[in-house]
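Asker: Sequence and predicted structure are below.
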Amino acid sequence: MAAITAALVGELRAKTDAPMMECKKALTEAEGDMVRAEEILRVKLGSKASKASSRITSEGVVATYIAGGVGALVEINCETDFVTKNDEFIALANAVAKVIAEKNPADLAALAALPLGDKTVEETRTELIGRIGENMSIRRFQRFETTGKLVSYLHGTRIGVVVEFDGADEQVGKDVAMHIAAMKPVALSSDQVPADLIEKERSVASLKAAESGKPADIVAKMVDGSVQKYLKEVSLFNQSFVKNDKQTVEQMLKAANTSVKSFSMFVVGEGIEKKQDDFAAEVAAQVAAAKQAQ
């Protein structure tokens, strides 16, 4: 059995916001398996244990570019928050987003080889690493091309959304993009929610319902009810509109004679675990990088 260290308990608490002792118990029950421990906490504590599970600690920025019916969304990562505020780093992200929209690269390798000024994207990235003294990488991108309309929304530089829509009022599209950044739906409608997410939710709901001690038929209804509630919570059209919670997004769009065809959202560092650095060492690295950049 893996040793349940204080660091491991602290990591689980940072992910879930659950009490320290509950984290230790969950890790002990899961024999040190972090994913299993998170699931155990969700069963025991419900939504409290999942509220912080999506907190992202990896650093970087999201940039967007739109020109008519063509657009792009890109995430570029770096090592520290210090670099995300560097003007050259931000300029690189914006320039790369424009290149993606205009040149339509097939993948990250093709993107790296594209010209950016008098150099390639890869050469520009490598040179900036040399000047700033910190590693950085282009993690992912998505390009859009439509006969409809595109609109983007950036929440700071950490969350980026692009929405494809049809409608006379562009503000409606912007409102939807802001809503997505706030409420983080995973699909347009319930029937488009990925099957793996539904199964994961069903598994957690089944374990919670089983603890109720109710008859099997009642447990089955409880599980179905939980899954249906989840589907409404994570599908855009079923969510309550953030600017008017008396109507769903679907109802708002219908009233505005607008249809949303698709959307994409990038959250910086989503799915990446940040290494645990020594604080003093990180400060020293930031000071050194600042001097090197002068």
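Answerer: Perfect, thanks for sending it.

Asker: contacts, neighbours, all on C-alpha from now
Answerer: Noted.

Asker: got the residue ranges for the strands in the stretch 151-294 of the chain?
Answerer: Counting by DSSP state E, counting those that start in this stretch, the stretch 151-294 of the chain has strands at residues 159-166, 240-241, 244-248, 259-267.

Asker: average pLDDT across the last one?
Answerer: If I follow you right, that is strand 259-267. For strand 259-267, the mean pLDDT works out to 97.

Asker: Buried residues, that strand. List them.
Answerer: Buried residues in strand 259-267, defined by neighbour count with 16 or more other Cα atoms under 10 Å: 259, 260, 263, 264, 265, 266, 267.

Asker: tilt between it and strand 159-166?
Answerer: Between strand 259-267 and strand 159-166, the angle comes out at 170 degrees (axes from the mean of the first three to the mean of the last three Cα atoms, to 10 degrees).

Asker: coming back round to it: need the strands of the stretch 151-294 of the chain in a markdown table (columns: distance to residue 118).
Answerer: Output for these, formatted as a markdown table (distance: least, Cα to Cα, whole Å):
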| stretch | distance to residue 118 |
| --- | --- |
| strand 159-166 | 28 |
| strand 240-241 | 46 |
| strand 244-248 | 49 |
| strand 259-267 | 29 |
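
Asker: for the buried residues of strand 259-267, which one is nearest residue 143?
Answerer: Among these, residue 264 lies closest to residue 143 (Cα to Cα), at 10.0 Å.

Asker: Just checking, which helix or strand of this structure averages the lowest pLDDT?
Answerer: The helix or strand of the chain with the poorest confidence is helix 279-293; it has a mean of 53 (mean pLDDT, DSSP states H and E).

Asker: Tell me how many other residues surround the residue nearest to residue 174 when sequence neighbours are not counted.
Answerer: In space, and not counting its chain neighbours, residue 174 is closest to residue 151: 6.2 Å by Cα to Cα, 6 or more residues apart in numbering. Using other Cα atoms under 10 Å, residue 151 has 25 other residues around it.

Asker: Give me the mean pLDDT for the lengthiest helix in the chain.
Answerer: Assignment by DSSP state H gives helix 216-234 as the longest helix of the chain. In this model, helix 216-234 has a mean pLDDT of 90.

Asker: Also stretch 153-170?
Answerer: pLDDT averaged over stretch 153-170 gives 95.

Asker: how long is that stretch from one end to the other?
Answerer: One end of stretch 153-170 sits 12 Å from the other (Cα to Cα, to the nearest Å).

Asker: and what of stretch 103-110?
Answerer: Taking Cα to Cα, stretch 103-110 runs 10 Å from one end to the other.

Asker: starting at the chain centroid, how far to that stretch?
Answerer: Between the centre of stretch 103-110 and the centre of its chain there are 22 Å (Cα atoms, centre = their mean, to the nearest Å).

Asker: Flag every buried residue along it.
Answerer: Going by neighbour count (16+ other Cα under 10 Å), the buried part of stretch 103-110 is 104, 105.

Asker: and it, average pLDDT?
Answerer: Stretch 103-110 comes out with an average pLDDT of 96.

Asker: how about the helices in the protein?
Answerer: 6-16, 20-29, 34-45, 81-84, 87-103, 108-113, 121-132, 170-183, 195-210, 216-234, 249-255, 279-293.

Asker: Tell me how many other residues surround the residue lying closest to residue 22 once chain neighbours are set aside.
Answerer: The shortest distance from residue 22 to any non-neighbouring residue, by Cα to Cα, 6+ apart, is to residue 41 (7.5 Å). A count of neighbours around residue 41, defined by other Cα under 10 Å, yields 24.

Asker: For residue 41, give its distance to residue 104.
Answerer: 43 Å.

Asker: Also residue 230?
Answerer: Distance, residue 230 to residue 104, using Cα to Cα: 36 Å.

Asker: for the residue lying closest to residue 159 once chain neighbours are set aside, what are its contacts?
Answerer: Distance criterion Cα to Cα, 6+ apart; nearest residue to residue 159, sequence neighbours excluded, is residue 267 at 4.6 Å. Residues near residue 267 by Cα atoms under 8 Å, 6 or more residues apart in numbering: 56, 62, 158, 159, 160.

Asker: Could you verify my assumption that the residue nearest to residue 22 touches residue 26?
Answerer: Yes: with contact defined as Cα atoms under 8 Å, residue 41 reaches residue 26; the gap is 6.5 Å.

Asker: what touches both of those two?
Answerer: With Cα under 8 Å, 6+ apart, residue 41 and residue 26 have no common neighbours.

Asker: Share the number of residues neighbouring residue 229, please.
Answerer: Around residue 229 there are 11 other residues, counting by other Cα under 10 Å.
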